[in-house]
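Asks: Requesting a structural model of the entry that follows:
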Amino acid sequence: MKGITLVGTILLFISNLTFAQTAKFKVALDAGHGDHDYGAVYNGHIEKKIALAVVLKVGKILESKSGIEVIYTRKTDTFVDLIERANIANRADANIFVSIHCNANKNAAACGSETYVMGMSKNASNLEAAKKENEVITMEKDYQQKYKGYDPKSPESLIGLTIMQEEYQENSIALAGKIQSHFIDDVNSKSRGVKQAPFMVLHKAYMPRVLIEMGFISNPAEGARLDSEAGQNEYAEAIANAIINYKKEFYDSGDTDDVKPSQKMETVKIDSPSTTKPVVKTADIKKVEPKPEVIVNSGVATFKVQLSASGTKLETVPSNFKGLNNISVSSEGSLYKYMYGETTSYDEAKRLLAEAKAKGFTSAFVIAFKNGKKVSVQEALKQ
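Replies: As a prediction, this is how the structure comes out:
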């Protein structure tokens with residue numbers, strides 16, 4: 001009987017190992033606009049056509065790589081509701097969501113690329129960008145019922161965001177940063193940076209997600225480039241290269257979310273600020289200025305488990321982190337990153353990761369430092 005049990009355990013282990021080795025990295029690609037929604041139109045350049053052409057090229061590059069599966073929100077000139085675009089990615093349990101668009105401005109001199117992550121912003125231009133994209137919902141049937149409480153003319157009405165959406169902030173920023181870097185290196189594009197804005201299409205996607213504004217079709221030179229075969233190939237290669245690099249750093253190390261996006265659908269409600277305010281429990285949360293994190297330059301890599309990245313400053317006491325001790329915090333602009341544990345052993349880091357996820361931090365992942373700087377886990381394991 002013990003022999004049968006042992007054989008069963010071994011077979012289960014092999015099955016799990018095989019699954020881990022063959023599980024594909026799923027990329028949801030979203031071509032902005034479509035059908036009667038043309039997006040921006042300048043000088044004969046039509047956003048919906050350019051976005052779709054680039055998405056199909058990015059998808060083709062990614063599909064040629066082993067271990068990557070591509071999900072498309074649209075592959076033809078069709079109109080897809082914003083919430084359905086996110087849900088296509090959720091149902092497929094995509095690892096990342098990438099929405100591709102073109103920018104436009106009445107100032108024909110405006111140029112360059114920018115990549116957005118989900119978040120509230122007081123910046124007027126960021127809010128205006130979100131407003132333009134979000135107004136698409138008025139073209140949807142019964143949009144007032146589907147997006148009850150949300151005013152497309154006022155992106156700030158998405159203020160009822162929950163902490164769930166901050167789970168993906170760090171990874172979203174990392175992906176956006178890689179995209180901008182590749183635009184600079186591969187396309188020689190002026191970078192307008194990584195920005196935050198409340199885009200509805202990103203709001204409902206439960207995974208790291210970004211919205212790319214590749215360039216300005218209102219700019220004569222940039223618009224012509226974006227509407228050319230050669231230009232679209234360059235932008236597509238840059239986006240694909242960024243996604244591949246992101247996969248290597250964040251997915252190939254095995255630090256993925258155990259709770260799938262399809263399990264999180266419909267758990268976040270959009271509340272109207274004029275009627276229902278989000279309930280935030282603050283009685284047990286102590287806020288304090290974070291102490292600067294000190295990393296020793298020992299030449300030996302150390303590993304930590306990043307629990308979350310948030311705009312909220314918390315005291316690093318166990319009661320604020322579901323009983324976990326040894327919490328450290330670092331700040332990056334207005335973002336606070338909370339980390340658990342510290343070890344030079346990657347095996348111990350994986351144990352700490354499992355412990356954190358068991359406590360409910362399902363989007364936690366391992367990060368590494370060497371010589372006082374953050375490095376990829378792969379680089380740290382080379383020591």
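Asks: Distance check, Ala31 against Ala236.
Replies: Distance, Ala31 to Ala236, by CB to CB, to the nearest Å: 12 Å. Any C-beta I mention is one placed from the backbone N, CA and C, and that applies to glycine too.
Asks: Could you pull out the residues contacting both of those two?
Replies: By CB atoms under 8 Å, 6 or more residues apart in numbering, Ala31 and Ala236 have these common neighbours: Val54.
Asks: Strands of this structure, start to end?
Replies: Under the criterion DSSP state E, strands of the chain are mapped to 25-31, 41-42, 45-46, 68-72, 96-103, 113-118, 191-197, 209-216, 302-310, 327-332, 335-343, 365-370, 373-375.
Asks: Can you redo these as JSON lines, where the extra columns are distance to Ile244 and mean neighbour count?
Replies: Formatted as JSON lines, the strands of the chain follow (distance: least, CB to CB, whole Å; neighbours: other CB atoms under 10 Å):
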{"stretch": "strand 25-31", "distance to Ile244": "9", "mean neighbour count": "25"}
{"stretch": "strand 41-42", "distance to Ile244": "32", "mean neighbour count": "16"}
{"stretch": "strand 45-46", "distance to Ile244": "28", "mean neighbour count": "20"}
{"stretch": "strand 68-72", "distance to Ile244": "8", "mean neighbour count": "18"}
{"stretch": "strand 96-103", "distance to Ile244": "11", "mean neighbour count": "27"}
{"stretch": "strand 113-118", "distance to Ile244": "16", "mean neighbour count": "26"}
{"stretch": "strand 191-197", "distance to Ile244": "19", "mean neighbour count": "19"}
{"stretch": "strand 209-216", "distance to Ile244": "15", "mean neighbour count": "28"}
{"stretch": "strand 302-310", "distance to Ile244": "22", "mean neighbour count": "23"}
{"stretch": "strand 327-332", "distance to Ile244": "24", "mean neighbour count": "16"}
{"stretch": "strand 335-343", "distance to Ile244": "25", "mean neighbour count": "20"}
{"stretch": "strand 365-370", "distance to Ile244": "18", "mean neighbour count": "21"}
{"stretch": "strand 373-375", "distance to Ile244": "18", "mean neighbour count": "13"}
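Asks: among those strands, which is nearest Lys350?
Replies: Closest to Lys350 of the strands of the chain is strand 365-370 (CB to CB; 7.0 Å).
Asks: Report the strands that pair with that closest one, each with its relative direction.
Replies: The pairing partners recorded for strand 365-370 under DSSP bridges are strand 302-310 (antiparallel), strand 373-375 (antiparallel).
Asks: Turn those into TSV, columns for distance to Met339 and mean pLDDT.
Replies: Below are the strands paired with strand 365-370 laid out as TSV (distance: least, CB to CB, whole Å; pLDDT from 0 to 100):
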stretch	distance to Met339	mean pLDDT
strand 302-310	4	83
strand 373-375	11	82
